[in-house]
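S.K.: what's the 3D shape of this:
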Amino acid sequence: MLKEKAPDDCHRIKEFVEDLKDDPLIEMAPGVNGLRFRRILSESDRNISLFFITTDSSVHVRLRAPIQQFESLGLGTAAVDEFGKEVKLILNGFSSPFNQIDVDAFKKVLSNFCEKIDQQDINESSARTSP
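M.R.: Reported below is the predicted structural model:
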């Protein structure tokens, strides 16, 4: 559908997705109208929502899901808040056509957020296993 709706962006998005496939803790799953991306928590069977790309080649970030996921894990949401502030600058809000974003900047913000998720996941796991 992406080839049909946004043929000019298809190659760039495919390249972007291929880069993310190198990370075994990034889960990509088909959604109703595109691909969803989540961070798998290595210490549990849970995950944190990151963003999604729709078949019309738009990137969307919805912070409600990761905030609720962090809260349900008993984690502070400062990392999500920071991610939201940075994403808002890159996407010019929380949604943007793929061809209008700085992909390298988005990858960097995404990588930083994933590192913070991983660190909190490790800290949470350590807290559970400590006497």
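S.K.: For the rest of this, base every contact and every neighbour count on C-alpha atoms.
M.R.: Will do.
S.K.: For the residue nearest in space to the middle of the chain, which non-adjacent residue is spatially closest?
M.R.: Nearest residue to the geometric centre of the chain (CA atoms, centre = their mean): L50, 2.2 Å. Leaving aside its chain neighbours, L50 sits nearest to R38 (5.0 Å; criterion: CA to CA, 6 or more residues apart in numbering).
S.K.: got a list of what that neighbour touches?
M.R.: Shown in contact with R38 (CA atoms under 8 Å, 6 or more residues apart in numbering): 26-28, 47-51.
S.K.: Which helix or which strand is home to it?
M.R.: Following DSSP states H and E, one finds R38 within strand 34-40.
S.K.: could I have that strand exported to PDB, CA atoms only?
M.R.: The C-alpha trace of strand 34-40 is given here as PDB (Å, rounded to 0.1, in the frame of the first residue of the first chain):
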ATOM      1  CA  GLY A  34       0.700   0.900   8.600                       C
ATOM      2  CA  LEU A  35       3.500  -0.400  10.800                       C
ATOM      3  CA  ARG A  36       3.800   0.000  14.600                       C
ATOM      4  CA  PHE A  37       7.200   0.100  16.300                       C
ATOM      5  CA  ARG A  38       7.800  -0.900  19.900                       C
ATOM      6  CA  ARG A  39      10.700  -1.400  22.300                       C
ATOM      7  CA  ILE A  40      10.800  -4.800  23.800                       C
END
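S.K.: so how far is that strand from its chain's centroid?
M.R.: Mean-position distance between strand 34-40 and its chain equals 6 Å (CA atoms, centre = their mean, to the nearest Å).
S.K.: before we move on, the earlier item: among the contacts of R38, which lie within strands?
M.R.: Using DSSP state E, the members of those that fall within strands are 26-28, 47-51.
S.K.: which stretches of the chain have low pLDDT?
M.R.: 1-4, 6-7, 121-131 (pLDDT under 70).
S.K.: Would you map the helices across it?
M.R.: 2-5, 7-21, 64-72, 78-91, 103-129 (DSSP state H).
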